[in-house]
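Engineer: Would you be able to build a 3D model of this:
(chains A and B)
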Amino acid sequence: MEDKFYITTTIPYANAPPHIGFALEIIQADILARWNTLHKKKVFFLTGTDEHGTKNYQTAKKQKLTPQEFVDKNSELFKELTKALNISNNYFIRTTDKKRHWPGAIEMWRILKERGDIYKKKYSGKYCSGCERFITEKELEDNKCPEHPSLNIQQIEEENYFFRLSKYSDKIKKLIETNKLEILPEKWKNDFLGLIKNGLTDVSFSRDIKHLPWGIPVPEDKNQVLYVWCDALTNYLTGIGFPNKKYEKFWPADIHLVGKDMLRFHAGIWPGMLLSAGLQLPKKIIVHGFLTIDGKKMSKSTGNVISPLELAKKYSSDSIRYYLTRTTPFGDDGDFSEKALMERHNNELANKLGNLVSRVSTLAEKYGIEKCENELALKNLISDWKSKKIENSRLSTIKEHFKNYELDRALSEIFAFLDICNEYIQKTQPWKSKDKKILYELADSIKSASILLWPFIPETSEKIANVFGFKISISELNNPLKISKIKKSEILFNKIK
RNA sequence: AGCGGGGUGGAGCAGUCUGGAGUGCUCACCGGGCCCAUAACCCGGAGGUCGCGUGGUUCAAAUCCCGCCCCCGCUACCA
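Structural biologist: Numbering: from 1, shown residues only, chains lettered A, B, ... in the order given. Presented below is the predicted three-dimensional model:
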């Protein structure tokens, strides 16, 4: 039984403030991290920002800032987001951090060079003279740079270093096929295997300093800087201390959580680098989808980009966490709409959970609770009443969903139990009977639900734990709630609108 | 073009892999109950030929196979 759990998110490019898609990623990672914390594992959760590259350099120039000032400013916004969303990351890595990141990135280069996997070659790319930088296929619109549509894109060449990724093509393919490197959901594994069926090609690994003046210098070549792969991907190691030996405490990563567009780099280039360097591969790559906004693709040009920082001013972190998780099926795209967020906040968090806690805590304050066997939870959560088996229970289903990373399903299963609690209080009418045992069953059931909900909505769970007096840990599920003086809970979720 | 995803009561979604009465969720609508609670909660009801073929397999298809139509995404350098 492994007792450590290392999870990472991708590190977003610090060229712009965070958008809602990244919020989805850190929330999902946080839920998995907290689920493991709940199980008493030694968790390390890493996120951060990718801060080099021409785009940052150019944008800084436009804003009359030094590149460092510019990325400092944006990186701070990502840090703010982790706080606004109550993210439990253990460290926040920045690729411009010369103490924490640079030595490891340079060391990675050095090792790959030593293996003979880095060589010089002519690189040819699409270049916009307006931006003074290479631009990617993806950025092009009608074969023009969107920012300088009047200019023609040039094909220009420079000499730089390449990484011999092709050498590891077969090995990587085999590792993925045999699930030594697991890609989930499986459709993304198949997607990637289809993509590389003709093999992986070598990748450009550095840039001439003329075209990329903002980056980590290549060891022993002043005219070149590391290109994004060796720089950014290495964060997963430097974030836990590499090249200092202490990184071995958490490496290999248990999970790299990535957006679907990032899969190819994490399943191709990154494993190639690790194989070359003789380091262990991550165990799993979990792929999440994108968010559409009101059913439409999010893009700057249509102006429907949602800022999670703005959203967090209006809604609690738990509402946002709950909504995004509930609305996004594992590995698929989800849709964001503020109307739906508000509805779920009102109907599910306020009416179902909040109101239940409110009425039970009020009654418990008035009439008290008396310890008894909690048949409500026993029947509907802990074990399957009919077969008397734990395997068929709702709790085992929830655990199964977690194991499969189906967070949306785990969440709806927990809420199905809360529905049963609401039915129960309605049917037994403890406000009439003043039955302390019924109230105990309800309070103890709320305890169980709250513990299971902690990874999703930690702030609320902790509030509930205070009201009923229990500890948040998975082992507490089996311990009956201790009797304490219960006071009416504050309103957990105020209705919106 | 290729690859991938989708078309389920008025809206938005699960369910399809592992076939079994159209089951479920969040709303909208109609009727009732409750009065502890955040005008919350509970019960009941109306509403769908599960894109099309009136296709195939099967005792049985939303689910598997075939054909067709429509929507959307991706096609390698950063969610």
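
Engineer: give me the low-pLDDT residue ranges for the stretch 351-497 of chain A?
Structural biologist: A:383-392 (pLDDT under 70).

Engineer: Enumerate every residue touching whichever residue of it sits closest to RNA strand B.
Structural biologist: Nearest to RNA strand B in the stretch 351-497 of chain A, going by CB to the nearest atom of the strand, is residue A:354, at a distance of 1.8 Å. In short, each C-beta sits where N, CA and C put it, glycine included. Under the criterion of CB atoms under 8 Å, 6 or more residues apart in numbering, the neighbours of residue A:354 are A:491-493.

Engineer: Confirm residue A:456 sits in a helix?
Structural biologist: No. Assessed with DSSP: H, G, I helix; E, B strand; the rest coil, residue A:456 is coil; it does not lie in a helix.

Engineer: Tell me the backbone dihedrals of it, please.
Structural biologist: Residue A:456 adopts backbone torsions of phi -80, psi -50, taken as degrees, to the nearest 10.

Engineer: Return the helix or strand in chain A with minimum mean pLDDT.
Structural biologist: The helix or strand of chain A with the lowest confidence, counting by mean pLDDT, DSSP states H and E, is strand A:133-134 at a mean of 69.

Engineer: Check which helices and strands the helix or strand harbouring residue A:343 sits against.
Structural biologist: According to DSSP states H and E, residue A:343 maps onto helix A:338-344. If contacts are counted by 3 or more CB pairs under 8 Å, 6 or more residues apart in numbering; DSSP states H and E, helix A:338-344 sits against helix A:317-327.

Engineer: and the helix it packs on, how far from the chain's centre?
Structural biologist: Helix A:317-327 sits 13 Å away from the centroid of its parent chain (CA atoms, centre = their mean, to the nearest Å).

Engineer: can you count the residues close to residue A:271?
Structural biologist: Using other CB atoms under 10 Å, residue A:271 has 24 other residues around it.

Engineer: Is there proximity between the helix holding residue A:343 and RNA strand B?
Structural biologist: Yes. Judged by CB under 7 Å from any atom of the strand, helix A:338-344 comes into contact with RNA strand B through A:340, A:343-344.

Engineer: tell me which of those residues is nearest to RNA strand B?
Structural biologist: For these, the residue nearest RNA strand B by CB to the nearest atom of the strand is residue A:343; the value is 4.9 Å.

Engineer: tally of neighbours for that closest one?
Structural biologist: Residue A:343 has 14 neighbours, counted by other CB under 10 Å.

Engineer: Please apply the same query to residue A:460.
Structural biologist: Counted with other CB under 10 Å, residue A:460 comes out at 24.

Engineer: Spell out the secondary structure type for it.
Structural biologist: Going by three-state DSSP, the state assigned to residue A:460 is helix.

Engineer: Tell me which residues touch it, please.
Structural biologist: A:318, A:349, A:353, A:450, A:453, A:492-493.

Engineer: one more time with 7 Å
Structural biologist: Going by CB atoms under 7 Å, 6 or more residues apart in numbering, residue A:460 touches A:318, A:492.

Engineer: In space, what's closest to residue A:280 - neighbours in sequence excluded?
Structural biologist: Of all residues not flanking residue A:280 in the chain, residue A:252 sits nearest, at 4.0 Å (CB to CB, 6 or more residues apart in numbering).

Engineer: Equivalent analysis for residue A:470, please.
Structural biologist: Among residues not flanking residue A:470 along the chain, residue A:447 sits closest, at 4.9 Å (CB to CB, 6+ apart).

Engineer: For RNA strand B, give me its nearest residue in the stretch 151-300 of chain A.
Structural biologist: Closest point on the stretch 151-300 of chain A to RNA strand B, by CB to the nearest atom of the strand, is residue A:259, at 2.2 Å.

Engineer: That residue: neighbour count?
Structural biologist: By the measure other CB under 10 Å, the count of residues near residue A:259 is 18.

Engineer: Report the beta-bridge partners for it.
Structural biologist: Counting by DSSP bridges, residue A:259 forms beta bridges with residue A:288.

Engineer: what about the residue nearest to residue A:280, which helix or strand?
Structural biologist: Short version, using DSSP H and E: residue A:252 is in no helix or strand.

Engineer: Could you pull up the residues touching it?
Structural biologist: When contacts are counted by CB under 7 Å, 6+ apart, residue A:252 touches A:280-283.

Engineer: what about 8 Å?
Structural biologist: By CB under 8 Å, 6+ apart, the contact set of residue A:252 is A:6, A:279-283.

Engineer: No further questions, thank you.
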